[in-house]
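*Asks:* The following block contains a protein sequence and its predicted model.
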Amino acid sequence: MQSILAVDDSASMRQMVSFTLKNAGYSVTEAVDGQDALEKSGQKDYDLVLTDQNMPRLDGIGLTKRLRDNPKFRGTPILILTTESSDQMKQAGRAAGATGWLVKPFDPAKLIEVIGKVMR
Amino acid sequence: MAETTHSDNGAGVGIDLSQFYQVFFEEAGENLDKMEQLLLTLDLDTADDEELNAVFRCAHSIKGGAATFGFADVAELTHQMETLLDKLRRHELQPTPAMVDVLLASGDALRSQLARHQGAEGDAYDTTELLFNIRAMSSGEAPLTPVAAYVAPAPAPAVAKPEPKVEAAPEVRPIPAASTADTPFRPKATPDVRLIEVQVGPLADVKQADSLVELFQEITDLGTIEPLDAGREADGMRRFKILTNSSDGDLLDLFSFHVARDKVKLLPLGPGYGFHAGAPGAPPPEEPSNDPGYGFFADAPGLPSNAAPVHHPDGQIVGGPAPTSAAAAAAESASLRRVAKPTAKADKPASTAALESSTLRVSVEKVDQLINLVGELVITQAMLAQNSNGVDMAVHQQLAAGLADLERNTRDLQESVMSIRMIPMSMVFSRFPRMLRDLAAKLGKKVELVTQGEATELDKGLVEKITDPLTHLVRNSCDHGIEMPADRVARGKPEQGTITLVASHQGGSIMIEVRDDGRGLSREKLLKKAREKGIDAPDSMSDSDVWNLIFAPGFSTAEEVTDVSGRGVGMDVVKKNITALGGTVEIDSAEGYGMKVSVRLPLTLAIMDGMSIGVGDECYIVPLASVVESFQIQPGMIKTIGGSGRVVEVRKEYMPVIDLEQVFHVPRFDFEHHGGIMVVVEAEGGRVALLVDELLGQQQVVVKNLEANYRRVEDISGATIMGDGRVALILDVGSLVRHSRH
C-alpha cells in the first residue's frame, strides 16, 4: 500500500482528505501542522506529502523546504493545497521544491485524480 | 470519526461530505472563539505580525472548510474578512477600532450562519451591510455605518449539545429552500460552489472589465471574484477567478450589461490543481489547459521517471529527471503496519488533534444517571454503616474493615463522578470581555475587565444557571457603577474603570465576586428611595442592610432607566435565582470607591455535607456550610423580648431563637429531652439560633428535590434518605433567617 503524509491544521479538512485517501486505498498519516509533519517525516518514508499552505508554526512552503533538505524526501512528490493560485504563490512553491499545487476548495474526486497523476 | 462504509464508485470517491460537517462546525466554532478572543486583546498600535497572522488564520481556516463543504454564505463572508485581514497582516492597512468592530460583528454573523446550517431556527443573518463595510475597509475607505451595535440574532447553535459526534451528523441539514429570499446563498448538502475562470476580451480598454469586479461587489449573492491577470493585460484580455454557485447562463446575462457577450468566455478553472515542470513526482503529459488549478514544477524533485513534458500555465515545460523512490517503496512495507496507524495524534498535548483522542464526548444524561446511581450507593453505604452499629466489631473485624473500605471507596467514587460534571469558571467568564466591550462602547465608558481564578471548577448545572445572574451583575457594574471617563478623571480616578471577576473555592462552596471601582452605593440615596417606595428604612439600619435594599423587588437605583440594566427586573431576580441554587449574595460598598457583590454557591446541587439534628421523633438536616456553632443552653441565656420573640445571647451578641418544634409543628411525646441544644446557623448575612433536642451526627446526604417529588414546602429546601431508610427534610436556612426578621 502506498503511503501519504497528509498535513493540515484544520481537523475537518484533514479528516476529509484522510478519509478520501484511505477510501481510495492509500495508507495515510495525519499531521496537524508543518512542524508535526516534519517530526513524523523522520519516523517513516512516504510516497507522497500533501500539505496545506497556511498553518501555524510551519507552513506548507516551509515544510517543503525542510523536507527537501532531507535526502530521504529529495525525490518524494510534495503537493501544496492552497486557496490562492496566484503566480506569486506558485513561484514560492516552485522555489521551495514543491512538485505541484492543488487549489482549494476541491472535491474528493479531484483529489484522487491529482494524486493518481503523481503516484505510480 | 467512525468509518462509514461507502460503495466504491470508480476511483473510490463516492464520498458523502456531510459526515465531516459536525467536525467542521465544531472547528469553526473554536476558530470563531479564538478569533474573538484575539481581536478583543488586540492592541491596535502595537499589534505584532504573529497576532494578526493568528486572526487571519482563523478566518482562513473557516473559509477553506466552508468552501470545501459547500457552505457558500460562510465562505463568502470569511473570504471578505480574510481579504481585510490579509491587508492588515501585510501592513498595507493600519488596524482601526472600526475594523475590529466589523470583524467582531462578522464573527457574530458567522455564528448565526453556522447555527442555521446546523438546523437552528431563526431568520437568516443579513450580511449585505457587513460585506459592504468590510469591502470598503479593505479598499481603505470608511465604513458606511457604524458597526458596533450589531446584535447577533444567533439561535443557540446545536453544537453546544454534547452529542456523540457521528450520530449527530445526519441532523445537520441544509437551510430549507424557502429561506432563499433573504439568504445570499442557498447552501446545498453537496457542494455546488464552483471555481471558474472568466476571460474577457480582447478589449480596447482593459479597464472596462473592472465593472465586472464592481458587479460582484454590488451583488453579494454572486460570490467572489479575483483577478488572474498577473500582468498579462497586454494582450487586451482580462482574466478573473470566480467562486460562485450561479449558472453560466445567469453570469453571462449579468456580464452582458457591461461587456459584449461574445467577448466573455467562461471556462472551468481547469482541474483545480497543477504540477511544476521538473518537479519530483510530476505526472506524464497532460492536455493543455488554462490554469488548471494545479501544476508541477520543472526540475523539482519527485518527478516520475516516465514524466514527459507537459504544458504548464507558466509557460514552462515539464519533463524533469526521474527520482528514485524505490527505496521508499521498499521501506514502506516493513514500517507501514507499525507506523501508519493514526496513533500520531497523541503526540502533541497542545494541539486540537491530541485533545480529540484524549477526550470523550458523553451525553449529560449518562453522567447524570451515573451520579444518581452513586447517590443511591452513598445511601446504601450509610445504611450499612448504621446497621453495623449493633454488631460487635471486635468479633467481626473483617466486616468492620470492609465497611471502612466501602465508606472510603464510596466517597472517592462519588468525588470522581462529581468531577466529571465540573467545568472551569472560564466557561462563564469568557463571555464577558466581548459583552463589556460592546456595552462600554455603547455607554461611552472605558472599562477594563480583570478575571481571576478562571480555573476554579463548578458543577455544569450551576454554571448554566449562574451565567445569567452574573451577566446581570457585570452589566450593572458597567452601567451604574463605572462613571463616565470625564467624571472619573474629575474624581482623581484613572479614566478607565476596572471590573474584576474573581472565582475561588472556599470550603464546600465556590465564591464568585464581581467588583468595580465605580461610584459605589449611596446610603442616603438608597434610604430615600426605599422610603419613597414605602419600605421601612430607619436611619439606624446597618450598612449591609441598606445595601440589601437593592434586592427588594422593583428597586432600581438608576435615576434614569437605561436599556442596559435598570429595567425594574434586576437585582431582586438575581438574588432569587442565586437563592434558588442554594447560594447567597452579599454586597459591600464604599461610596465613591466602588462596590463588591459576593455570590456564594454550593459546589454541586446533588450531594452536600449535612448535620443531622433531632427534634422530637423527627430528624432534620442542616447544611453543614451554614452551621456556625452549637452549644448547650445554660439557664438565663434565652431572653424574651417584646411579645413572643426570644433571643439568645452568645458572646454579647443577641440573635433570634427559632424553635424548630414550633416551626414544623413536631408532635412531642417525650418531654424530658426538650430543646436543650442551640445550633447557630448563618445565611444571607444574618444569624439565628435553632433550638433542637439533639445532634445526631454529620454525614453526606444525597439531595432529593422535594418540589419535583411532592410539593414546595416553606423553610425546606429538599429531602434525603437516611441510612436507616427514613426520610429527613433539609432545612432552608436562608428562609428561616428571613422569617426571623419579620
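*Replies:* The structure has been received and is ready for your questions. Numbering: from 1, shown residues only, chains lettered A, B, ... in the order given.
*Asks:* pLDDT value on the residue nearest the centre of chain A, please?
*Replies:* Ranked by distance to the mean C-alpha position of chain A (C-alpha atoms, centre = their mean), the top residue is A:Leu50 at 1.4 Å. Note on A:Leu50: pLDDT of 91.
*Asks:* Can you report phi and psi for it?
*Replies:* Main-chain dihedrals, A:Leu50, degrees, to the nearest 10: phi -120, psi 110.
*Asks:* hey, what's it bridged with?
*Replies:* Using DSSP bridges, the beta-bridge partners of A:Leu50 come out as A:Ala6, A:Leu79.
*Asks:* ok, it - contacts?
*Replies:* By C-beta atoms under 8 Å, 6 or more residues apart in numbering or on different chains, the contact set of A:Leu50 is A:Ile4, A:Leu5, A:Ala6, A:Val7, A:Val17, A:Leu21, A:Leu79, A:Leu81, A:Ile115. Using the backbone N, CA and C atoms, a C-beta is placed for each residue, glycine as well.
*Asks:* Dump the residues you listed to JSON lines, plus pLDDT.
*Replies:* Formatted as JSON lines, these follow (pLDDT from 0 to 100):
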{"residue": "A:Ile4", "pLDDT": "91"}
{"residue": "A:Leu5", "pLDDT": "92"}
{"residue": "A:Ala6", "pLDDT": "92"}
{"residue": "A:Val7", "pLDDT": "92"}
{"residue": "A:Val17", "pLDDT": "90"}
{"residue": "A:Leu21", "pLDDT": "88"}
{"residue": "A:Leu79", "pLDDT": "89"}
{"residue": "A:Leu81", "pLDDT": "88"}
{"residue": "A:Ile115", "pLDDT": "85"}
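*Asks:* Tell me which two in the residues you listed are the farthest apart.
*Replies:* Using C-beta to C-beta, the pair of the contacts of A:Leu50 lying farthest apart is A:Val7 and A:Ile115, separated by 14.2 Å.
*Asks:* Which one's more surrounded, those two?
*Replies:* A:Val7 (32 against 26; other C-beta atoms under 10 Å in any protein chain shown).
*Asks:* for chain A, what spans make up the helices?
*Replies:* A:11-23, A:34-41, A:60-69, A:87-96, A:108-118 (DSSP state H).
*Asks:* Which neighbouring elements make contact with the first one?
*Replies:* Spelled out, that is helix A:11-23. strand A:3-7, strand A:27-31, strand A:48-52, helix A:108-118, helix B:21-41, helix B:49-69, helix B:352-358 (3 or more C-beta pairs under 8 Å, 6 or more residues apart in numbering or on different chains; DSSP states H and E).
*Asks:* and that helix, how far from the chain's centre?
*Replies:* Its chain's average C-alpha position is 12 Å from that of helix A:11-23, according to C-alpha atoms, centre = their mean, to the nearest Å.
*Asks:* Can I get it in CSV? Just the C-alpha atoms.
*Replies:* Extracted in CSV, the C-alpha atoms of helix A:11-23 (Å, rounded to 0.1, in the frame of the first residue of the first chain):
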residue,chain,number,x,y,z
ALA,A,11,-9.3,19.0,11.6
SER,A,12,-12.3,18.8,9.2
MET,A,13,-10.1,19.2,6.1
ARG,A,14,-7.6,16.7,7.5
GLN,A,15,-10.3,14.2,8.1
MET,A,16,-11.9,14.7,4.7
VAL,A,17,-8.5,14.3,2.9
SER,A,18,-7.5,11.4,5.0
PHE,A,19,-10.9,9.6,4.6
THR,A,20,-10.9,10.2,0.9
LEU,A,21,-7.3,8.8,0.5
LYS,A,22,-8.0,5.8,2.7
ASN,A,23,-11.1,5.1,0.7
